[in-house]
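*Asks:* Next comes the sequence, and after it the predicted model I'd like to discuss.
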Amino acid sequence: QGQLVQSGTEVKKPGASVVVSCKVSGYDFSSLPITWVRQAPGQGLQWMGWINVYNGHTDVAQEFQGRLFMTTDTSTTTVKMEMTSLRSDDTAIYYCARVSQIRFDYTWGTTRLDVFDMWGQGTVVIVSS
Amino acid sequence: DIVLTQTPLSLSVTPGQPASISCKSSQSLLHSDGNTYLYWYLQRPGQPPQVLIYEVSNRFSGVPDRFSGSGSGTDFTLKISRVEAGDVGVYYCMQSLHLPSYTFGQGTRLEIK
């Protein structure tokens, strides 16, 4: 079935960058996209972006554009998410999740993610001076 | 931007009793392809979210048939026919029609009486 295992807690100062990794196992690494969702303390879920693991294409939510970068490493079957210029309100749990499939929407000319069917355990990122 | 509004924000249910959560969208989630892109996720305490329902009413693999989804257009409902202790957590609806962003509702916390 597969498993996503994320890297451990990170503590960063404002203005710094953080890299969170998501180790994939148990299924064909390149076959399914990975998406990222975060959850601030006591808050709800916020979608951040996704990466097509097969071809490296990424799509980032507008509020994170220019600060969020996603990459893949086929040799280690790992997806990495880097966020730069951290602020205190970036303090959150960051989750990677597998997407069950992607569909191309010919009407809207866009790619649509399907179910987020498998999640990592989450990585706590604390941004504090 | 599209907004998903869930009600109630919290509910307390006696085991064996039903529960119902509403999710209202600021815009229709019906696509011209006939699909409605509304999903339900459950986040148990201390756990990552897990999918329950996709495209309004389809239970994901392994989800008990106590869970059901319904609705159309802008109004959707998640129902639990008989609540169990393991159903405790926060339930989120999510839309994937109005891209480029995938929007979650604010969540509904379910607790057991």
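*Replies:* Alright, I've got the coordinates.

*Asks:* Those residues of chain B touching chain A, which are they?
*Replies:* B:31-33, B:37, B:39, B:41, B:43, B:48-51, B:54, B:60, B:90, B:92, B:94, B:96, B:99-107 (CB under 8 Å from any CB of the partner chain). C-betas here are computed from N, CA, C, even on glycine.

*Asks:* Nearest residue to the most centrally placed residue in chain A in space, please, no chain neighbours.
*Replies:* Nearest residue to the geometric centre of chain A (CA atoms, centre = their mean): A:Trp36, 2.7 Å. Once flanking residues are discounted, A:Trp36 sits nearest to A:Met48: 4.3 Å by CB to CB, 6 or more residues apart in numbering or on different chains.

*Asks:* since we're on the one you found, how many residues are nearby?
*Replies:* Per other CB atoms under 10 Å in any protein chain shown, the neighbour tally for A:Met48 reads 23.

*Asks:* Ramachandran angles for it?
*Replies:* phi -110, psi -40 (degrees, to the nearest 10).

*Asks:* And the pLDDT at it?
*Replies:* The confidence metric pLDDT takes the value 98 at A:Met48.

*Asks:* which residues in the chain form strands?
*Replies:* Defaulting to chain A. A:3-6, A:10-12, A:18-25, A:34-39, A:45-51, A:58-60, A:68-73, A:78-83, A:92-99, A:102-105, A:110-113, A:116-119, A:123-127 (DSSP state E).

*Asks:* try again with chain B
*Replies:* Going by DSSP E, chain B shows strands at B:4-7, B:10-13, B:19-25, B:38-43, B:50-54, B:58-59, B:67-72, B:75-80, B:89-95, B:103-104, B:108-112.
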